[in-house]
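*Asks:* the sequence isn't on hand, but the structure is:
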(Lines give C-alpha, C1' and ligand atoms only; values in the text may rest on other atoms or scores of the structure.)
Protein backbone atom coordinates (compact mmCIF):
# COMPACT_ATOMS: atom_id res chain seq x y z
CA UNK A 1 0.00 0.00 0.00
CA UNK A 2 1.39 3.39 -0.99
CA UNK A 3 2.15 5.67 1.96
CA UNK A 4 0.36 8.97 2.41
CA UNK A 5 3.72 10.78 2.28
CA UNK A 6 4.46 9.44 -1.22
CA UNK A 7 0.96 10.37 -2.40
CA UNK A 8 1.31 13.92 -1.05
CA UNK A 9 4.76 14.32 -2.64
CA UNK A 10 3.35 13.10 -5.97
CA UNK A 11 0.56 15.67 -5.74
CA UNK A 12 3.00 18.49 -4.95
CA UNK A 13 5.18 17.46 -7.89
CA UNK A 14 2.06 17.49 -10.06
CA UNK A 15 1.26 21.05 -8.95
CA UNK A 16 4.79 22.19 -9.83
CA UNK A 17 4.70 20.46 -13.22
CA UNK A 18 1.22 21.88 -13.84
CA UNK A 19 2.55 25.39 -13.22
CA UNK A 20 5.18 24.82 -15.90
CA UNK A 21 2.60 23.33 -18.27
CA UNK A 22 0.59 26.56 -18.03
CA UNK A 23 3.61 28.42 -19.39
CA UNK A 24 3.87 25.92 -22.25
CA UNK A 25 0.17 26.17 -23.08
CA UNK A 26 -0.04 29.96 -23.08
CA UNK A 27 3.19 30.42 -25.06
CA UNK A 28 2.83 27.56 -27.55
CA UNK A 29 2.73 28.67 -31.19
CA UNK A 30 2.93 32.35 -30.18
CA UNK A 31 6.58 32.90 -31.06
CA UNK A 32 7.43 33.24 -27.37
CA UNK A 33 10.06 30.98 -25.90
CA UNK A 34 9.78 29.15 -22.58
CA UNK A 35 12.51 31.30 -21.03
CA UNK A 36 12.06 34.64 -19.33
CA UNK A 37 10.11 35.71 -16.26
CA UNK A 38 6.37 35.20 -16.02
CA UNK A 39 4.26 38.34 -16.08
CA UNK A 40 0.67 39.52 -15.88
CA UNK A 41 -0.96 39.48 -19.31
CA UNK A 42 -2.97 42.61 -18.47
CA UNK A 43 -0.43 45.03 -16.95
CA UNK A 44 2.83 43.22 -17.89
CA UNK A 45 3.99 43.25 -14.26
CA UNK A 46 6.85 40.76 -13.73
CA UNK A 47 5.67 38.24 -11.15
CA UNK A 48 7.67 37.48 -8.00
CA UNK A 49 8.27 33.93 -6.78
CA UNK A 50 5.59 34.21 -4.11
CA UNK A 51 3.05 35.06 -6.82
CA UNK A 52 3.87 31.84 -8.67
CA UNK A 53 3.32 29.23 -5.96
CA UNK A 54 1.03 26.64 -7.59
CA UNK A 55 -2.55 26.77 -6.35
CA UNK A 56 -1.61 28.73 -3.21
CA UNK A 57 -0.90 32.07 -4.94
CA UNK A 58 -4.19 31.89 -6.85
CA UNK A 59 -6.15 31.33 -3.63
CA UNK A 60 -4.26 33.95 -1.56
CA UNK A 61 -4.64 36.59 -4.30
CA UNK A 62 -8.30 35.62 -4.75
CA UNK A 63 -7.71 34.96 -8.43
CA UNK A 64 -6.55 38.51 -9.20
CA UNK A 65 -3.30 40.26 -10.12
CA UNK A 66 -1.81 42.01 -7.07
CA UNK A 67 -1.10 45.17 -9.09
CA UNK A 68 -3.92 45.74 -11.61
CA UNK A 69 -6.54 43.50 -9.93
CA UNK A 70 -7.44 41.90 -13.27
CA UNK A 71 -8.75 38.35 -13.07
CA UNK A 72 -6.21 35.55 -13.42
CA UNK A 73 -7.34 33.01 -16.02
CA UNK A 74 -9.07 30.04 -14.39
CA UNK A 75 -6.94 27.76 -16.57
CA UNK A 76 -3.99 28.24 -14.21
CA UNK A 77 -5.64 26.63 -11.21
CA UNK A 78 -7.44 23.97 -13.26
CA UNK A 79 -4.27 22.80 -15.02
CA UNK A 80 -2.32 22.67 -11.75
CA UNK A 81 -5.07 20.78 -9.91
CA UNK A 82 -5.69 18.31 -12.74
CA UNK A 83 -1.99 17.59 -13.14
CA UNK A 84 -1.72 16.89 -9.41
CA UNK A 85 -4.62 14.43 -9.58
CA UNK A 86 -3.20 12.68 -12.66
CA UNK A 87 0.16 12.34 -10.91
CA UNK A 88 -1.41 10.82 -7.81
CA UNK A 89 -3.62 8.20 -9.50
CA UNK A 90 -0.87 5.98 -11.00
CA UNK A 91 1.05 6.07 -7.71
CA UNK A 92 -2.04 4.74 -5.92
CA UNK A 93 -2.69 2.18 -8.67
CA UNK A 94 0.83 0.77 -9.11
CA UNK A 95 2.72 1.74 -5.94
CA UNK A 96 6.50 2.19 -5.87
CA UNK A 97 7.50 -1.20 -4.51
CA UNK A 98 9.81 -2.12 -7.42
CA UNK A 99 11.67 -0.59 -10.35
CA UNK A 100 9.06 -1.69 -12.92
CA UNK A 101 6.23 0.18 -11.20
CA UNK A 102 8.43 3.28 -10.89
CA UNK A 103 9.15 3.11 -14.64
CA UNK A 104 5.44 2.81 -15.42
CA UNK A 105 4.60 5.73 -13.13
CA UNK A 106 7.22 7.95 -14.79
CA UNK A 107 5.83 7.10 -18.24
CA UNK A 108 2.28 7.79 -17.08
CA UNK A 109 3.35 11.12 -15.61
CA UNK A 110 4.80 12.01 -19.00
CA UNK A 111 1.56 10.89 -20.66
CA UNK A 112 -0.44 13.02 -18.20
CA UNK A 113 1.72 16.11 -18.86
CA UNK A 114 1.36 15.84 -22.65
CA UNK A 115 -2.37 15.14 -22.28
CA UNK A 116 -2.88 18.26 -20.14
CA UNK A 117 -1.15 20.43 -22.75
CA UNK A 118 -3.19 18.95 -25.62
CA UNK A 119 -6.45 19.23 -23.66
CA UNK A 120 -6.02 22.85 -22.60
CA UNK A 121 -4.81 23.91 -26.03
CA UNK A 122 -7.65 22.06 -27.78
CA UNK A 123 -10.26 23.68 -25.52
CA UNK A 124 -8.79 27.15 -26.06
CA UNK A 125 -8.12 26.97 -29.81
CA UNK A 126 -10.25 24.04 -31.06
CA UNK A 127 -7.18 22.41 -32.58
CA UNK A 128 -4.76 19.74 -31.38
CA UNK A 129 -1.17 21.06 -31.52
CA UNK A 130 1.16 19.11 -33.79
CA UNK A 131 3.77 19.07 -31.02
CA UNK A 132 1.36 17.12 -28.82
CA UNK A 133 0.63 14.55 -31.52
CA UNK A 134 4.36 14.00 -32.13
CA UNK A 135 4.85 13.67 -28.37
CA UNK A 136 2.16 11.00 -28.21
CA UNK A 137 3.76 9.11 -31.12
CA UNK A 138 7.08 9.03 -29.26
CA UNK A 139 5.48 8.14 -25.93
CA UNK A 140 3.30 5.41 -27.50
CA UNK A 141 6.41 3.73 -28.86
CA UNK A 142 8.19 4.03 -25.51
CA UNK A 143 5.22 2.52 -23.67
CA UNK A 144 5.13 -0.52 -25.96
CA UNK A 145 8.91 -1.02 -25.81
CA UNK A 146 8.88 -0.61 -22.02
CA UNK A 147 6.24 -3.32 -21.76
CA UNK A 148 8.39 -5.70 -23.79
CA UNK A 149 11.55 -4.96 -21.78
CA UNK A 150 9.84 -5.14 -18.40
CA UNK A 151 7.84 -8.22 -19.38
CA UNK A 152 4.64 -6.79 -17.97
CA UNK A 153 1.69 -4.81 -19.23
CA UNK A 154 0.64 -1.38 -18.06
CA UNK A 155 -2.79 -2.92 -17.63
CA UNK A 156 -1.61 -5.51 -15.09
CA UNK A 157 -2.69 -8.28 -17.44
CA UNK A 158 -1.22 -9.99 -20.50
CA UNK A 159 0.28 -7.39 -22.84
CA UNK A 160 -1.01 -7.07 -26.39
CA UNK A 161 1.15 -8.60 -29.12
CA UNK A 162 3.14 -6.30 -31.37
CA UNK A 163 0.85 -7.12 -34.30
CA UNK A 164 -2.12 -6.20 -32.16
CA UNK A 165 -0.53 -2.83 -31.40
CA UNK A 166 0.20 -2.21 -35.08
CA UNK A 167 -3.32 -3.25 -36.15
CA UNK A 168 -4.84 -0.87 -33.60
CA UNK A 169 -3.02 2.03 -35.29
CA UNK A 170 -5.09 1.40 -38.42
CA UNK A 171 -8.34 -0.21 -37.30
CA UNK A 172 -9.29 2.24 -34.54
CA UNK A 173 -8.80 5.56 -36.37
CA UNK A 174 -9.97 4.34 -39.82
CA UNK A 175 -13.75 4.74 -39.25
CA UNK A 176 -13.23 8.22 -37.86
CA UNK A 177 -10.97 9.16 -40.75
CA UNK A 178 -13.76 8.16 -43.15
CA UNK A 179 -16.27 10.21 -41.12
CA UNK A 180 -13.89 13.18 -41.27
CA UNK A 181 -13.39 12.69 -45.00
CA UNK A 182 -17.04 12.40 -46.01
CA UNK A 183 -18.27 15.07 -43.58
CA UNK A 184 -15.46 17.39 -44.70
CA UNK A 185 -14.32 17.86 -41.13
CA UNK A 186 -17.72 18.89 -39.76
CA UNK A 187 -18.13 15.89 -37.42
CA UNK A 188 -14.53 15.11 -36.46
CA UNK A 189 -11.30 17.04 -36.64
CA UNK A 190 -8.34 15.47 -38.39
CA UNK A 191 -6.29 16.08 -35.24
CA UNK A 192 -8.59 13.72 -33.32
CA UNK A 193 -8.01 11.02 -35.93
CA UNK A 194 -4.25 11.57 -35.84
CA UNK A 195 -4.30 11.34 -32.05
CA UNK A 196 -5.99 7.93 -32.20
CA UNK A 197 -3.02 6.43 -34.04
CA UNK A 198 -0.38 6.57 -31.26
CA UNK A 199 -2.98 6.03 -28.57
CA UNK A 200 -4.23 2.89 -30.32
CA UNK A 201 -0.65 1.66 -30.75
CA UNK A 202 0.01 2.00 -27.02
CA UNK A 203 -3.05 -0.04 -25.97
CA UNK A 204 -3.83 -2.51 -28.75
CA UNK A 205 -7.22 -3.33 -30.27
CA UNK A 206 -9.27 -4.50 -27.29
CA UNK A 207 -8.19 -1.98 -24.70
CA UNK A 208 -8.01 0.72 -27.36
CA UNK A 209 -11.65 0.02 -28.24
CA UNK A 210 -12.55 0.25 -24.55
CA UNK A 211 -10.73 3.59 -24.35
CA UNK A 212 -12.76 4.87 -27.32
CA UNK A 213 -15.94 3.70 -25.62
CA UNK A 214 -14.98 5.56 -22.44
CA UNK A 215 -14.24 8.67 -24.51
CA UNK A 216 -17.70 8.62 -26.11
CA UNK A 217 -19.43 7.91 -22.80
CA UNK A 218 -17.63 10.75 -21.00
CA UNK A 219 -18.29 13.15 -23.90
CA UNK A 220 -21.98 12.24 -23.86
CA UNK A 221 -22.21 12.82 -20.10
CA UNK A 222 -20.43 16.18 -20.25
CA UNK A 223 -22.45 17.45 -23.22
CA UNK A 224 -25.64 16.24 -21.56
CA UNK A 225 -24.79 18.09 -18.34
CA UNK A 226 -24.04 21.26 -20.32
CA UNK A 227 -27.38 21.07 -22.11
CA UNK A 228 -29.22 20.45 -18.84
CA UNK A 229 -27.49 23.43 -17.22
CA UNK A 230 -28.00 25.60 -20.32
CA UNK A 231 -31.26 24.43 -22.00
CA UNK A 232 -31.27 27.56 -24.17
CA UNK A 233 -28.54 25.88 -26.24
CA UNK A 234 -31.27 23.65 -27.65
CA UNK A 235 -33.27 26.59 -28.97
CA UNK A 236 -33.38 26.38 -32.74
CA UNK A 237 -32.89 30.09 -33.25
CA UNK A 238 -29.65 30.13 -31.25
CA UNK A 239 -27.59 28.96 -34.20
CA UNK A 240 -24.30 30.62 -33.34
CA UNK A 241 -23.92 28.75 -30.04
CA UNK A 242 -25.20 25.46 -31.44
CA UNK A 243 -22.56 25.52 -34.15
CA UNK A 244 -19.66 25.80 -31.71
CA UNK A 245 -17.40 22.77 -31.95
CA UNK A 246 -16.93 20.56 -28.90
CA UNK A 247 -13.32 19.31 -28.76
CA UNK A 248 -13.17 15.52 -28.66
CA UNK A 249 -9.42 15.26 -28.03
CA UNK A 250 -9.71 15.74 -24.25
CA UNK A 251 -12.21 12.90 -24.00
CA UNK A 252 -9.95 10.63 -26.07
CA UNK A 253 -7.05 11.34 -23.75
CA UNK A 254 -9.23 10.77 -20.69
CA UNK A 255 -10.33 7.37 -22.00
CA UNK A 256 -6.75 6.36 -22.74
CA UNK A 257 -5.44 7.55 -19.38
CA UNK A 258 -8.11 5.64 -17.48
CA UNK A 259 -7.31 2.46 -19.44
CA UNK A 260 -3.57 2.85 -18.92
CA UNK A 261 -3.94 3.27 -15.17
CA UNK A 262 -6.98 1.12 -14.36
CA UNK A 263 -7.25 -0.96 -17.53
CA UNK A 264 -7.82 -4.42 -16.10
CA UNK A 265 -10.59 -3.37 -13.71
CA UNK A 266 -12.24 -1.04 -16.23
CA UNK A 267 -12.17 -3.76 -18.90
CA UNK A 268 -13.99 -6.15 -16.57
CA UNK A 269 -16.63 -3.53 -15.74
CA UNK A 270 -17.22 -2.62 -19.41
CA UNK A 271 -17.39 -6.29 -20.41
CA UNK A 272 -20.04 -6.94 -17.74
CA UNK A 273 -22.06 -3.88 -18.88
CA UNK A 274 -21.96 -4.98 -22.51
CA UNK A 275 -22.73 -8.63 -21.81
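*Replies:* Yes, it's here. Computed from a predicted structure; not experimentally measured.
*Asks:* ok, which stretches of the stretch 101-250 of the chain are helices?
*Replies:* In the stretch 101-250 of the chain, helices defined by DSSP state H, counting those that start in this stretch lie at 130-150, 162-171, 174-182, 190-203, 205-229, 239-242, 249-274, listed in chain order.
*Asks:* could you dump the ones you listed to TSV with mean pLDDT, distance to residue 3 and mean neighbour count?
*Replies:* In short, each C-beta sits where N, CA and C put it, glycine included. Written out in TSV, the entries for those read as follows (pLDDT from 0 to 100; distance: least, CB to CB, whole Å; neighbours: other CB atoms under 10 Å):
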stretch	mean pLDDT	distance to residue 3	mean neighbour count
helix 130-150	83	23	17
helix 162-171	86	34	17
helix 174-182	90	42	14
helix 190-203	89	29	24
helix 205-229	86	30	16
helix 239-242	48	48	9
helix 249-274	83	19	19
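*Asks:* among the ones you listed, which is nearest residue 63?
*Replies:* With distances scored as CB to CB, the stretch of the helices of the stretch 101-250 of the chain nearest to residue 63 is helix 205-229 (21.7 Å).
*Asks:* can you spell out which helices and strands pack onto that closest one?
*Replies:* When contacts are defined as 3 or more CB pairs under 8 Å, 6 or more residues apart in numbering; DSSP states H and E, helix 205-229 sits against helix 162-171, helix 190-203, helix 249-274.
*Asks:* please repeat the previous calculation with a cut-off of 6 Å.
*Replies:* helix 162-171, helix 249-274 (3 or more CB pairs under 6 Å, 6 or more residues apart in numbering; DSSP states H and E).
*Asks:* what's the angle from that helix to helix 174-182?
*Replies:* Interaxial angle, helix 205-229 versus helix 174-182 (axes from the mean of the first three to the mean of the last three CA atoms, to 10 degrees): 50 degrees.
*Asks:* who's in contact with the closest residue in space to residue 180 that isn't next to it in sequence?
*Replies:* Using CB to CB, 6 or more residues apart in numbering and skipping residues adjacent in sequence, the residue nearest residue 180 is residue 188, 4.5 Å away. When the contact criterion is CB atoms under 6 Å, 6 or more residues apart in numbering, the partners of residue 188 are 176, 179, 180.
*Asks:* repeat the analysis, applying 8 Å as the threshold.
*Replies:* With CB atoms under 8 Å, 6 or more residues apart in numbering as the criterion, the residues that contact residue 188 are 176, 179, 180, 248.
*Asks:* so the last one makes contact with residue 218?
*Replies:* What that stands for is residue 248. No - taking contact to mean CB atoms under 8 Å, the distance of 10.2 Å between residue 248 and residue 218 leaves them out of contact.
*Asks:* quick one: the spatially most central residue of the chain from residue 46, how far?
*Replies:* Computing the C-alpha centroid of the chain and ranking residues by CA atoms, centre = their mean puts residue 115 first, at 3.0 Å. Computed as CB to CB, to the nearest Å, the residue 115 to residue 46 distance reads 30 Å.
*Asks:* got it, and residue 60?
*Replies:* The separation that residue 60 has from residue 46, given CB to CB, amounts to 18 Å.
*Asks:* same deal with residue 166?
*Replies:* Here the distance between residue 166 and residue 46 works out to 50 Å (CB to CB).
*Asks:* check residue 62 too.
*Replies:* Distance, residue 62 to residue 46, by CB to CB: 20 Å.
*Asks:* next: residue 172.
*Replies:* For residue 172, the distance to residue 46 - CB to CB - is 46 Å.
*Asks:* these two: which is more packed in?
*Replies:* More neighbours surround residue 172 than the other of residue 172 and residue 46, with 22 against 10 (other CB atoms under 10 Å).
*Asks:* grab the nearest non-local neighbour of the more buried one.
*Replies:* In space, not counting the residues next to it along the chain, residue 172 is nearest to residue 200; the distance is 4.0 Å by CB to CB, 6+ apart.
*Asks:* for the one you found, what are its contacts?
*Replies:* 165, 168, 169, 171, 172, 173, 208.
*Asks:* of these, closest to residue 8?
*Replies:* Checking the contacts of residue 200 one by one against residue 8 (CB to CB), the nearest turns out to be residue 208, at 33.3 Å.
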